[in-house]
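[1] Can you look at this prediction? I've put the sequence above it.
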Amino acid sequence: MRIATKGMLAGLSLLLMSGTSALSTELTIFWAEWDPANYLQELVNQYEAETGVTVTVETTPWSDFQTKAFTEFNAQGSAYDLIVGDSQWLGAASEAGHYVDLTDFVKENGVLDKMAPATVKFYSEYPGNSGKYWSIPAEGDAVGWSYRKDWFEDPTEMANFKAKYGYDLAPPTNWQQLIDIAEFFYRPDQNRYGVAIYTDNSYDAMAMGFENALFSYGGELGDASTYKVDGIINSPKAVAALDAYRKLYGFTPPGWAKTFFVENNQAITENLAAMSMNYFAFFPALINESSNPNAKNTGFFANPAGPDGDQYAALGGQGISVVSYSQNKEEAMKFLKWFIQDDTQQKWADLGGYTCSAKVLESEAFRNATPYNEAFYQTMFKVKDFWAVPEYAELLTQLNQRLYPSIVGGEGSSQDVLDGLAADWKATFAKYGRGM
Amino acid sequence: MTSLIATLDPGSRAATRGLSDIAIRNLFVIPTIVFLIIFNIFPLLYSLGYSFTDFRASTKDPANFIGLKNYMDLLSDPNIWSNFTITAQYVIVSVTGQVIVGFGLALLLNRSFPLKGLVTTLLLLPMMLSMAVVGLFWKLLYDPNFGIINYALGLGKFEWLANPKFALYAVALTDVWMWSPFVMLLSLAGLSAVPKHLYEAASIDRASRLYTFFRITLPLVAPILLIAIIFRTMEAFKTFDLAYVMTSQPTTEVVSIRLYKMAFQEWQTGKSCALAYIVLIMVLCITNVYVKYLNKAKER
Amino acid sequence: MAVVSSRGQRLSNRVAIAAILVITLVFLAPIYWIGSTAFKPRSLATTSPPTIVYQPEISPMVKLFTKRVQLKPNEKVDYDNAPWWERMIFDGGERISRTGKGAIQLSGYPDRFINSLIVAVTSTLLAVGMGTITAYGFSRFRVKGEADWLFFILSTRMLPPIVVAIPMFLMYRAAGLNDSHVGLILLYTAFNVSFAVWLMKGFIDEIPKEYEEAALVDGYTRLQAFWKIVLPEAATGIAATAVFCFITAWNEYAFALILTNKKAQTAPPFIPSQIGSGLPDWTVIAAGTVLFLLPVAIFTFLLRNHLLRGMSFGAIRK
């Protein structure tokens, strides 16, 4: 009898499928196709076991993620109840009302105390320092480095390196060392190259790569409150950072002209480069012996400091937000309440998610769980991000158009390139009436 | 009216039996036209309307009418012109390549030999793949470190896609690989329809092969070749996936890539609609010229 | 004289056939490479120099159909009690993701493959059907402004799809067509109908009107004449048109991505998504590609004899 009723209900809800039916409680979370999304699906399976609410994680390739999400938002679509969205989207999505304002939720549930401060600042708050929150930090991420321990620890290499540069060969602690080591291992005749960096300019890859140099050299993109860029993005520090990034490009493997996380991991697995920058989220593939034959010989370090001792890294990662057009907002809020619980966050970390929970991050168990967790932990307290204004993509395009020919094509002086970029950005901010 | 059609159309004697010819004509033609109008008119009007505004689909700001500003900005933007120049280069290189390879293959295939059907089907395989997958795999094939192309040709570390001057041609080469079979198939259909007696007459006259080719073969195949060129030009002009997946050089940023970034990354909806209209008008003009040639070629 | 000429012809024939063989091999090399990658162990997919000889494996196919996550260091799995296909996944350093109830999770591929079949087959039937009758209408009856209408039909293919994507999305949402098979079918039909009309018109133009005239005299109605005389004559053209419509609908990417979510998603956007974990699994991408190529390839092969004769666009007059 029960089964029959259930069947009828299911049939009925199928009939009423046009709107996400009110009869069955089902939540849909949208994210990109990658391992963390699979871990999240496993995590939410437990939520279903506890509450009976089915939660599905829907995914799409990274390259289409932004397109798909914003097309859905802009048409006020209710296909997704929650979304694990990129940090740069905050401005666009909050100003247009795509995200539900979570300020009260954040304050009532003590999210500020639970999550690491940097993650709340970059994944949740918009505009900067406004005290308004739009998401809950979900997947922490930043750029770090992997390197070939066997190459670094080879006695001959160590002796030769010391003879040439006058200090010991070890994971670099500053950018000058990074450049030296890249130069040292750059040996085209041996099919071995110095370093792998991001160069893809179709979206944000190259910008993220360059930011690692920029922030550590003590440079900034601009003033986040006044939107002043002239004299900041083209400051001597920024110019030095661009020079450094261009130098690194000279030590990359051949064909290094459209590279992002995939190619940079391959640089390690295919014995191409001594060091490779990448998001922490992609490091699990490097310690898996089935996907990385050099897994045992792969080490990790945090983005090194610049000449003045500044040390920062470019932020990745996402917060989870409630979509304004969802028809299950209350259920979604309940889910978020469950998601921020300490033991949920612990499980999230155990499954392989990069939790932002300060408690879990600080725990010994987490920091020793993998060879890169310690570097991740250190990095997450010194990250900076790209502009999060709604027109960030235009700023990205302009950066790509200016920087790519100089980095990959070797055109123009760094000063001219950044002066040009400062002028472009100034014009764009003026167009949208910012900082007037 | 009925009688008018009946007198104009010799085939309408059946007008009195069953459905009238007009009814059949209307039944056959009108639904398709209406269907196409419905599917195209809204997107077209929507784009046209917003092309005169500063609308951004990603914000809640209302669209402001700004007249022709988008068009002026675009047409005076040197970056856009470089996008168009690149697109033109791409269209010329890839369509020419496809015509040469495709037509050449058709000339070779235009004879009977064992397993002809199988060979023809195998040659068509490239165009049965999706563009995105082709782009992904050709990027791998071109890879200087683990690509098979350099290995097979002994080119060492030659950088196909990382070289700003060469990347566009490398992408065009992939396009030629993928779409020459299309030109081949159409040309083959044309060639097989050339009456044999014309060749026999030419050989009696001891005409040279070149003469036969240019005076008999080419004029007769020209109309169908032009149709192949029309479709390939239209598609090449809109090309997106291949170049987008394979490279990110400024020298390979064809206009569709710029359009995609403007519309779906920057969400400058109004401006991207204006750019789309500029593209549409260009394609319309080019196609129109082709169709004129086509009609001339058919008349001959 | 005649003997010499035929000997020369035979020789040039042989050269031509040899050339065809060589070119065919060159054309097929990339396809062969995709096909061989679909049966490689993951570690051999990208090597320097490329691996050509290897022991083929079925594991990419198993991976293609399952949802997997990477094994964490020191993670314990029940290797001994696992079925052979699950062991393959373990050997690859991954495990199959399971639902809350412990059932294995399939990847999106099988569902999407079926959706692709539904959408491509239906829209091909519709496009070819509509294309044929419309072409017949244009071919046999006077239509005011015929050339302009035909150009309009052609022009519907000119707009870059990226441009119409946003208005199309809004239109579909308003009509409740997004994320439905019907929506994609209608869209692909609209896409293909222009090509179908152009191709079929050329073909029907070539069928002598006298055939129908005779039938009409014999007491057939116009519809009967169309059905019994014209359609069979046009079979070749129909087959060729169907092949092209099917290929287009089968591989469409942009709209499939934007207009569908869960119910009606087709396979093309899924195949490249296997790049996920930071190291692309080329073997799975290749496996997905190869399986996805099979239906079109078989379809084309079955219709191969029609294809050649069918592609004339009426451009060649007898």
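    Done, it's in. Numbers count the residues shown, from 1 in each chain, chains lettered A, B, ... in the order given.
[2] can you pull out the strands in chain A?
    A:26-32, A:54-60, A:82-86, A:136-139, A:143-148, A:193-196, A:273-279, A:298-302, A:313-314, A:318-322, A:383-384 (DSSP state E).
[3] Can you spell out which residues form a bridge with A:Tyr193?
    With DSSP bridges as the criterion, A:Tyr193 is bridged to A:Ala273.
[4] Hmm, it is touching A:Phe251, no?
    Yes. Counting by CB atoms under 8 Å, A:Phe251 is a contact partner of A:Tyr193 at 6.4 Å. (Glycine included, C-beta is placed from N, CA and C.)
[5] Could you list the low-pLDDT ranges of chain C?
    By pLDDT under 70, the low-scoring segments of chain C are C:1-6, C:100, C:274-277, C:308-318.
[6] Buried ones in the longest helix seen in it, by neighbour count?
    The longest helix of chain C (DSSP state H) is helix C:2-37. Residues C:Ala16, C:Ile17, C:Ile20, C:Ile23, C:Thr24, C:Phe27, C:Pro30, C:Ile31, C:Trp33, C:Ile34, C:Ser36, C:Thr37 are the ones in helix C:2-37 that count as buried (16 or more other CB atoms under 10 Å in any protein chain shown).
[7] Need the strands of chain A in CSV (columns: mean neighbour count, mean pLDDT and distance to A:Asn368).
    Listed next are the strands of chain A as CSV, based on neighbours: other CB atoms under 10 Å in any protein chain shown; pLDDT from 0 to 100; distance: least, CB to CB, whole Å:
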stretch, mean neighbour count, mean pLDDT, distance to A:Asn368
strand A:26-32, 22, 94, 28
strand A:54-60, 20, 90, 28
strand A:82-86, 27, 95, 27
strand A:136-139, 28, 95, 21
strand A:143-148, 25, 96, 17
strand A:193-196, 26, 96, 27
strand A:273-279, 27, 96, 21
strand A:298-302, 21, 95, 13
strand A:313-314, 27, 94, 21
strand A:318-322, 27, 95, 25
strand A:383-384, 22, 90, 22
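[8] ok, C:Ser116 - contacts?
    C:Ser116 sits next to C:Trp250, C:Thr266, C:Ala267, C:Pro268, C:Phe292 when contact means CB atoms under 8 Å, 6 or more residues apart in numbering or on different chains.
[9] Check A:Met380 too.
    Contacts for A:Met380 (CB under 8 Å, 6+ apart) come out as A:Ala116, A:Ala118, A:Thr119, A:Gly140, A:Ala142, A:Cys356, A:Leu361.
[10] Give me the next element, helix or strand, following whichever strand or helix holds B:Ser203.
    Under the criterion of DSSP states H and E, B:Ser203 resides in helix B:196-204. Per DSSP H and E, the first helix or strand lying C-terminal to helix B:196-204 is helix B:209-212.
[11] Enumerate the positions of whichever helix or strand comes after that following helix that are buried.
    Using DSSP H and E, the next helix or strand after helix B:209-212 towards the C-terminus is helix B:218-237. Across helix B:218-237, burial judged by 16+ other CB under 10 Å covers B:220-237.
[12] Tell me which ones among those residues also neighbour chain A, please.
    Among the buried residues of helix B:218-237, proximity to chain A is found for none (CB under 8 Å from any CB of the partner chain).
[13] quick revisit: show me what the following helix or strand past the longest helix of chain C is packed up against.
    Where DSSP H and E defines the elements, the next helix or strand beyond helix C:2-37 is helix C:59-65. Where contact means 3 or more CB pairs under 8 Å, 6 or more residues apart in numbering or on different chains; DSSP states H and E, helix C:59-65 is packed against helix C:84-91, helix C:109-140, helix C:282-302.
[14] give me the number of residues near A:Pro307?
    Residues lying near A:Pro307 (other CB atoms under 10 Å in any protein chain shown) number 15.
[15] Likewise for the one 3 residues further on?
    Summarising burial for A:Asp310: neighbours were counted as other CB under 10 Å, giving 15.
[16] what about the closest residue to it other than its chain neighbours, neighbour count?
    Leaving aside its chain neighbours, A:Asp310 sits nearest to A:Gly218 (4.4 Å; criterion: CB to CB, 6 or more residues apart in numbering or on different chains). Here the number of neighbours of A:Gly218 (other CB under 10 Å) works out to 20.
[17] residues from the stretch 51-200 of chain C in reach of chain A?
    Going by CB under 8 Å from any CB, the residues of the stretch 51-200 of chain C near chain A are C:67-73, C:91-94, C:97-100, C:105, C:165-166, C:169-170, C:173, C:176, C:178-179.
[18] Also near chain B: which of the residues you listed, exactly?
    Okay, of those touching chain B (CB under 8 Å from any CB), that's C:Ala165, C:Ile166, C:Leu170.
[19] Those into TSV, with extra columns for secondary structure, neighbour count and distance to A:Gln345?
    Shown next, in TSV, are these (DSSP: H, G, I helix; E, B strand; the rest coil; neighbours: other CB atoms under 10 Å in any protein chain shown; distance: CB to CB, whole Å):
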residue	secondary structure	neighbour count	distance to A:Gln345
C:Ala165	helix	21	38
C:Ile166	helix	24	38
C:Leu170	helix	19	39
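[20] Break chain B down into its domains, please.
    B:2-6+B:16-50, B:78-299 (automatic domain parsing).
[21] The closest residue to chain B within the stretch 101-250 of chain C: neighbour count?
    Among the residues of the stretch 101-250 of chain C, C:Thr221 lies closest to chain B, at 3.0 Å counting by CB to the nearest CB. By the measure other CB under 10 Å, the count of residues near C:Thr221 is 15.
[22] hang on, it packs against B:Asp21?
    No. Using CB under 8 Å, C:Thr221 is not in contact with B:Asp21, being 10.3 Å away.
[23] tell me the contacts of the closest residue in space to A:Gly353 that isn't next to it in sequence?
    Excluding its sequence neighbours, the residue lying closest to A:Gly353 (CB to CB, 6+ apart) is A:Tyr39, at 4.9 Å. Contact analysis of A:Tyr39 by CB under 8 Å, 6+ apart lists A:Trp348, A:Leu351, A:Gly352, A:Gly353, C:Val69.
[24] ok, back up a step: centre of the chain to the longest helix of chain C, how far?
    Its chain's C-alpha centre and that of helix C:2-37 lie 27 Å apart, by CA atoms, centre = their mean, to the nearest Å.
[25] Helices along the stretch 1-150 of chain B, start to end?
    Taking DSSP state H, counting those that start in this stretch, the helices of the stretch 1-150 of chain B run over residues B:2-8, B:21-50, B:69-75, B:78-109, B:116-124, B:131-142, B:148-153.
[26] Nearest to chain C, out of those helices?
    Closest to chain C of the helices of the stretch 1-150 of chain B is helix B:21-50 (CB to the nearest CB; 3.5 Å).
[27] Quick check, the residue in chain A closest to chain B?
    Closest contact between chain A and chain B, by CB to the nearest CB, is at A:Ala257 (3.5 Å).
[28] residues near A:Thr156, how many?
    Counted with other CB under 10 Å, the neighbours of A:Thr156 add up to 7.
[29] next one: the one 5 residues further on
    With neighbours defined by other CB under 10 Å, the count for A:Phe161 comes to 20.
[30] which non-adjacent residue is nearest it?
    Among residues not flanking A:Phe161 along the chain, A:Leu169 sits closest, at 3.9 Å (CB to CB, 6+ apart).
[31] Who are the contact partners of the residue of chain B at minimum distance from chain A?
    Sorted by distance to chain A under CB to the nearest CB, the residues of chain B start with B:Ala162, at 3.5 Å. By CB under 8 Å, 6+ apart, the residues touching B:Ala162 are A:Pro254, A:Gly255, A:Trp256, A:Ala257, A:Lys258, A:Val408, B:Pro144.
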